[in-house]
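> I would like the atomic coordinates for the input below:
(4 chains)
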4 protein chains.
Amino acid sequence: MTIPTALRAEIDAAKQRVAALHAELPRWELVVWTAGNVSERVGDYLVIKPSGVSYDDLDADAMVVCDLDGNLVEGDRSPSSDTAAHAYVYRHMDHVGGVVHTHSTYAAAWAARGEEIPCVLTMMADEFGGPIPVGPFAIIGDDSIGRGIVETLDAHRSPAVLMRNHGPFTIGRDAKAAVKAAVLLEEVARAVHISRQLGEPTPIPQEAIDSLYHRYQNVYGQH
Amino acid sequence: MTIPTALRAEIDAAKQRVAALHAELPRWELVVWTAGNVSERVGDYLVIKPSGVSYDDLDADAMVVCDLDGNLVEGDRSPSSDTAAHAYVYRHMDHVGGVVHTHSTYAAAWAARGEEIPCVLTMMADEFGGPIPVGPFAIIGDDSIGRGIVETLDAHRSPAVLMRNHGPFTIGRDAKAAVKAAVLLEEVARAVHISRQLGEPTPIPQEAIDSLYHRYQNVYGQH
Amino acid sequence: MTIPTALRAEIDAAKQRVAALHAELPRWELVVWTAGNVSERVGDYLVIKPSGVSYDDLDADAMVVCDLDGNLVEGDRSPSSDTAAHAYVYRHMDHVGGVVHTHSTYAAAWAARGEEIPCVLTMMADEFGGPIPVGPFAIIGDDSIGRGIVETLDAHRSPAVLMRNHGPFTIGRDAKAAVKAAVLLEEVARAVHISRQLGEPTPIPQEAIDSLYHRYQNVYGQH
Amino acid sequence: MTIPTALRAEIDAAKQRVAALHAELPRWELVVWTAGNVSERVGDYLVIKPSGVSYDDLDADAMVVCDLDGNLVEGDRSPSSDTAAHAYVYRHMDHVGGVVHTHSTYAAAWAARGEEIPCVLTMMADEFGGPIPVGPFAIIGDDSIGRGIVETLDAHRSPAVLMRNHGPFTIGRDAKAAVKAAVLLEEVARAVHISRQLGEPTPIPQEAIDSLYHRYQNVYGQH
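Got it, this is the predicted structure:
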């Protein structure tokens, strides 16, 4: 199988973007060693990082391309061992163009208790539109991680899910949006954790959450 | 509306300062992604960062200028979505020349509980002159955030307020002083939080707080 | 005693590797000041850092070579004061080619309570295959630290041990693998600590731990 | 008053050292903004940083020289506002050649509760020889801070004292040794705090503390 010529330029541009976005994971301290991965969908393909490679060595040429069943199509190295989960998400969520997986510390801490993160900060209402939900315990090797992500996210506004005893997956319209969600997730996981260490944070009324979410999704940023 | 020629040089210098001060926010880990903003008043205008732009791209040319009702006067991009709150502060607090907003983690954690930070460190007495107060819950879209900031700060010595379920705003005679307050706020929010995790910190007597505050505001630094 | 000519090139290559791996310790915030050390075995020798030297000055030429009784064979400076413990491990564990010692903060915190880290994250099952065990309290000066490390690790899958009131030692087939274990250890020590601050993390069933460990040790990465 | 010609070279060398050592304070995250200071004694003088100056601007030429009553002898700017405390220490502790003051976060957290840090890590026994003691509450303006430091340190092995509601001061035979003590202090303040969050750390027997302290003070490092 080879990549159609019509997609060549788009694939190469995605490799550049995905490589640059991988650098955001250590920058925001979401990963250690070679953990974590970012992918982006291009047509019926996805661009993702290879397995077990240092963040120092992740330039555009190092990226690999798989089809949406997770089979390697282009690249010298094995794709990330989480590729099957990314591919499952793309097959089942048409609006998703980017997926990120990390083991970021505070998100992993909530995931280890299997506890959702309550929506008690306006920044969280903006980006996540409510609590960050928990997905099932599932181990690598079949579609159970991908299915757990999709079933949980389908039932929530949040672009982030805490997979139980494992860590977060985030989605977005493209890889950059999914990375942004991963960065903000860890920040709210940390702030809400710290807040709860000395008492119960005040909930935000649902009406205010709805209003903040609507504005942020539709008005914020450059247009 | 255009900027009066007489203010041109001052506006340009403020853009340089405000751009450089934005770099202090990620340096001291007060912000993630594009969150947070610094502004400075120049005459009847304010210089602030554009909305939703990466800290890597915030040079002086990227800064935008608004009038004190928050209307864009100069710049290619939309101003920060918090511009209305900054503008409200400048309209109602004559002595304020700089405003900073962040979601810094420990300050946000106190804000989510709606709990003021008690004055238990000399560094806090120096800079804040007492506890860091909590402002009301208010959401973006009208003047309620600005009004909450001004009403709370008018009633306290502190140049910092924790807006409930949101995060801190700080003020100063110029943007640099407001950034300094934002940096020291997060540090005392962290140190006092950590102290309280294992018991109650000892209060500082009011007389000592007054003495420290007076000295620091009048004697400290280079004159 | 001098190094056999046949080993010259291998020793020099190991010095390069060990020097570069020392830079990973401050990079991942596992050490302060001059604390911590990495060694690698080459034949009947080990390459290790000198004692009490700044991480800024640890290039390949600064590395020292000892025999497996810990005697200095090559180098201008005294070897790390933990050399005897490294040497003991090499003498008693044939499959070990690299050893790392740090006082990384969260691992040291578990070690000060003498409490093993429970296996509640898939990342921990992957790398450690179960809980991180605690070794005995032993002080420097004879073989008691080395013996404590070997006896504890012989009884567990984990390549990491928390020496009581002291800090972690990790092992690997080479120095890089031992550094990786040290980095992942601190990350799981931190995440599990944080998780437990607000409740009990859910245990992972033993069967799932076994399955994850087997896959990760045999399938993960580039082959 | 001018500096004797015989001391010129020594003073200039100390300025270089003290400037370089100031860079260690932000490197190890012991200070924010312009907080913190390092001094070194040269004859009847001390070299220290000026008050309220950014760490970015602290080269050797920026350093100022005071006599041991804290009067400015050389330099364009006011000396650190903590100079009187440094000077008091030099006047009353002949063996001290360097003093460091920070508000490092975890040390400040213990200081705010007025609680000494128990000796539960071998690294702490090595460097501090026992618990880190608490000094009295004292405010700036007379000799009460300096006296509090000296009286507390005279009664302990520890080169570090936690001044109540304030922060740590550390001493050493030279400025580098005092900086090392400040770095290790914050690390043990953090690790012991974290350890105690989930239970009581095991004490180290006094005999083992004595043995570790003796070895470290007399044998460790390069000789």
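> all helices for chain A, in order.
Remark: helices assigned in chain A by DSSP state H are A:8-22, A:24-27, A:83-92, A:105-113, A:122-128, A:144-154, A:175-197, A:206-218.
> ranking these by burial, who's on top?
Neighbour counts (mean count of other CB atoms under 10 Å in any protein chain shown) averaged over each of the helices of chain A peak at helix A:105-113, with a mean of 28. All C-beta atoms are positioned from the backbone trio N, CA, C, and that covers glycine.
> now do it: which elements does it pack against?
Contacts defined by 3 or more CB pairs under 8 Å, 6 or more residues apart in numbering or on different chains; DSSP states H and E place helix A:105-113 against strand A:160-163, strand A:167-172, helix A:175-197, helix C:175-197.
> if you set the cut-off to 10 Å instead, what comes out?
Contacts defined by 3 or more CB pairs under 10 Å, 6 or more residues apart in numbering or on different chains; DSSP states H and E place helix A:105-113 against strand A:134-135, strand A:160-163, strand A:167-172, helix A:175-197, helix C:122-128, helix C:175-197.
> circling back: minimum distance to residue C:67: which of the helices of chain A has it?
Smallest distance to residue C:67 across the helices of chain A (CB to CB): 38.2 Å, for helix A:24-27.
> contacts only, for residue A:83.
Residue A:83 sits next to A:37, A:39, A:46, A:48-51, A:64, A:66, A:69-72, A:99 when contact means CB atoms under 10 Å, 6 or more residues apart in numbering or on different chains.
> rewinding a little: of the helices and strands packed on helix A:105-113, which is nearest chain D?
Between chain D and the helices and strands packed on helix A:105-113, the shortest separation by CB to the nearest CB is 6.0 Å, and it involves helix C:175-197.
> distance from that closest one to the middle of the chain?
Helix C:175-197 sits 11 Å away from the centroid of its parent chain (CA atoms, centre = their mean, to the nearest Å).
> what about that helix and chain D, any contact?
Yes: figure legend: helix C:175-197 in contact with chain D (CB under 10 Å from any CB of the partner chain); contacting residues C:189-190, C:192-194, C:196-197.
> just those residues now: which is nearest residue D:207?
residue C:189 (28.7 Å).
> from the contact counts, what lies against the helix or strand bottoming out on mean pLDDT in chain A?
The weakest-scoring helix or strand in chain A, judged by mean pLDDT, DSSP states H and E, is helix A:206-218 (a mean of 94). Secondary-structure packing of helix A:206-218 (3+ CB pairs under 10 Å, 6+ apart): helix A:122-128.
> is chain C contacted by the helix it packs on?
No: Helix A:122-128 stays clear of chain C (CB under 10 Å from any CB), getting no nearer than 17.1 Å.
> kindly report the same for stretch A:167-177.
Yes: counting by CB under 10 Å from any CB, chain C is contacted by stretch A:167-177 at residue A:167.
> tabulate the CA atom coordinates of that stretch in CSV.
Written as CSV, here are the backbone C-alpha positions of stretch A:167-177 (Å, rounded to 0.1, in the frame of the first residue of the first chain):
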residue,chain,number,x,y,z
GLY,A,167,-4.0,8.2,31.8
PRO,A,168,-5.7,10.8,29.6
PHE,A,169,-6.7,10.8,25.9
THR,A,170,-7.8,14.1,24.3
ILE,A,171,-9.3,14.8,20.9
GLY,A,172,-9.7,17.9,18.7
ARG,A,173,-10.6,19.0,15.2
ASP,A,174,-6.9,18.8,14.5
ALA,A,175,-3.7,17.8,16.4
LYS,A,176,-3.1,21.3,17.7
ALA,A,177,-6.6,21.4,19.3
